[in-house]
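Next comes the sequence, and after it the predicted model I'd like to discuss.
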Amino acid sequence: MATEALDPTDRLLAERACERLIVEFVHKLDLGNPSDVADLFTDTGFWEWVEGDRRIQGRDALRSYFAGRPADRLSRRICTNILVTVTSEVTATATTYFTTYRVDGHTGGFVPPRAPTQVGHYEDSFCKVEGRWLLSSRSLCLAFAGPTERLEAAAEN
């Protein structure tokens, strides 16, 4: 089916569902339970870093991977320029720019401003499974990156 044949309302609903997944992903990492990110993927979905050897595939592996995030990590991801392209009634892709602010060793309170830890973009693919849009893949592409600082070390500088 050519994407031009999609009903405009169906296209809009698909775009919005995919945009919501993008936002839910970072919300779960920053403010929720990071292991719940796995629920946003298909059973065989994967998350990977384009540069490097990090590829996590399948819901159980994703749940375990994201659950391993340090409990004292404070992070906030800012996503923008979300461009979803519906490719069929049941598939879509997206590119999203992101900026990540992150420190480890957080015990409460606010953290003085600092440069972002990462700036890059996500490349996503989506699949509609049993009426629900899910991520089938998320690739993280970094343009700028640095190590995650420990809050104690940052306070000494």
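Sure thing, it's come through.

ok so residue 21 is a helix residue?
Yes - the assignment for residue 21 is a helix, going by DSSP: H, G, I helix; E, B strand; the rest coil.

can you pull out the strands in the protein?
41-49, 55-57, 74-86, 91-104, 118-129, 132-145, 149-150 (DSSP state E).

Could I get the buried residue list for the fourth one?
By 16 or more other CB atoms under 10 Å, the buried positions in strand 91-104 come out as 91-94, 96-104. For glycine as for every other residue, the C-beta is placed from the backbone atoms N, C-alpha and C.

ok, residue 31 to residue 25 distance?
12 Å (CB to CB, to the nearest Å).

If you count surrounding residues, which of those two has more?
Set residue 31 next to residue 25 and count neighbours by other CB atoms under 10 Å: residue 25 wins out with 24 against 10.

got a list of contacts for stretch 48-59?
Residues outside stretch 48-59 that contact it (CB atoms under 8 Å, 6 or more residues apart in numbering): 38-39, 41, 43-47, 62, 65, 123, 137-142.

how about it: buried residues?
So for stretch 48-59, counting by 16+ other CB under 10 Å, buried means 48, 56-57, 59.

Over to stretch 122-137?
Applying 16+ other CB under 10 Å to stretch 122-137 flags 122-128, 133-137 as buried.

Check the average confidence over it, would you?
In this model, stretch 122-137 has an average pLDDT of 98.

And residue 148, how close does it get to residue 23?
As judged by CB to CB, residue 148 and residue 23 stand 22 Å apart.

now swap in residue 77 and tell me
Counting by CB to CB - residue 77 and residue 23 are separated by 10 Å.

What of residue 37?
12 Å.

In JSON lines, list the buried residues of stretch 48-59 along with pLDDT and distance to residue 111.
Output for the buried residues of stretch 48-59, formatted as JSON lines (pLDDT from 0 to 100; distance: CB to CB, whole Å):
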{"residue": "48", "pLDDT": "97", "distance to residue 111": "29"}
{"residue": "56", "pLDDT": "97", "distance to residue 111": "28"}
{"residue": "57", "pLDDT": "98", "distance to residue 111": "34"}
{"residue": "59", "pLDDT": "97", "distance to residue 111": "32"}
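
I'd like those as CSV, with distance to residue 82 appended.
Compiled in CSV, these are given as follows (distance: CB to CB, whole Å):
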residue, distance to residue 82
48, 20
56, 23
57, 24
59, 24
